[in-house]
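Q: fold the following for me, if possible:
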Amino acid sequence: METQATGKRSLRFGVGFIVAALLALLPSAARAQSGLANFALPGAYFPTASATRAALGDVKFYHEGTLFQKSLGLVAVRATAGLDLITASSGYFPFTGGSEFDLVGPSLRVGTTRLTGPFRPFVTVGAYAGRIKSDRLGVDEWDFAPSAAAGFDLSVLPAVSIRAQYRVVREFSGVDASGVAVSLRLF
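A: Reported below is the predicted structural model:
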């Protein structure tokens, strides 16, 4: 008799755990598309490897946005998961041609909140699908490109900040796309 009660209790616990986990993974509606506006803002990307500068050029227009954000915030620290869209290209408009590299995929960002002051450091890691397109090398390939970035946001106005970061990208297609990015951010 006791084994039936234990079995029912563990079944209820298992179902309850699965329901709680699924509810925790639901996207938060208020922040679902807030990162899309930042994707349209200008930035600059400076590749650090000489082979990358030879393949892509010296300075690129940089765009970065995060979609479908889900945040977990404590008082001074916030962890945010989402879908990143990152591009560094010859043209101002993303995905419009010329030499470029793109990263698309899930990421996790851990950083401080606005409560800590105008200087907010962060670290980002992600498992991206990466694309290198180089007119100079005649390469246009997609590959798995895990990446990590460390940087900071500096608030200059209540809703505007400047972001500086160093991004490390796994070498693929013979190109190491690691470099320094500086961009303008809203919110």
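Q: now Gly73. Its backbone dihedrals?
A: Phi and psi for Gly73, reported as degrees, to the nearest 10, are phi -120, psi 140.
Q: kindly apply the preceding question to Asn38 instead.
A: Per degrees, to the nearest 10, the backbone of Asn38 is at phi -70, psi -30.
Q: how confident was the prediction at it?
A: On pLDDT, Asn38 comes in at 75.
Q: what is the neighbour count of it?
A: By other CB atoms under 10 Å, the residues close to Asn38 number 20. In this view, the C-beta of every residue, glycine as well, is placed from N, C-alpha and C.
Q: so who does it touch?
A: Listed by CB atoms under 8 Å, 6 or more residues apart in numbering, the contact set of Asn38 reads 64-66, 183, 185-186.
Q: which one of those residues is nearest Ser155?
A: Arg185 (9.3 Å; CB to CB).
Q: which other helices and strands does the host helix or strand of the closest one contact?
A: Per DSSP states H and E: Arg185 is located in strand 179-186. Packing contacts for strand 179-186, counted by 3 or more CB pairs under 8 Å, 6 or more residues apart in numbering; DSSP states H and E, involve helix 36-39, strand 43-47, strand 60-73, strand 139-157, strand 160-169.
Q: need these in TSV (columns: distance to Thr96).
A: Converted to TSV, the helices and strands packed on strand 179-186 look like this (distance: least, CB to CB, whole Å):
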stretch	distance to Thr96
helix 36-39	14
strand 43-47	15
strand 60-73	10
strand 139-157	14
strand 160-169	21
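Q: what about Ala127, distance to Pro146?
A: 6 Å (CB to CB, to the nearest Å).
Q: output the strand or helix carrying Ile132 as PDB, nothing but the C-alphas.
A: Using DSSP H and E, Ile132 sits in strand 119-134. The C-alpha coordinates for strand 119-134 follow below in PDB (Å, rounded to 0.1, in the frame of the first residue of the first chain):
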ATOM      1  CA  PHE A 119      29.100  52.100 -15.500                       C
ATOM      2  CA  ARG A 120      27.700  48.600 -15.900                       C
ATOM      3  CA  PRO A 121      30.000  45.700 -16.700                       C
ATOM      4  CA  PHE A 122      28.700  42.500 -18.300                       C
ATOM      5  CA  VAL A 123      29.700  39.100 -19.700                       C
ATOM      6  CA  THR A 124      27.900  37.400 -22.600                       C
ATOM      7  CA  VAL A 125      28.300  33.800 -23.900                       C
ATOM      8  CA  GLY A 126      26.400  32.200 -26.800                       C
ATOM      9  CA  ALA A 127      26.200  29.300 -29.100                       C
ATOM     10  CA  TYR A 128      25.800  31.000 -32.500                       C
ATOM     11  CA  ALA A 129      25.500  30.100 -36.100                       C
ATOM     12  CA  GLY A 130      28.300  32.200 -37.700                       C
ATOM     13  CA  ARG A 131      28.700  33.400 -41.200                       C
ATOM     14  CA  ILE A 132      31.800  34.800 -42.800                       C
ATOM     15  CA  LYS A 133      31.500  36.500 -46.200                       C
ATOM     16  CA  SER A 134      34.700  37.800 -47.700                       C
END
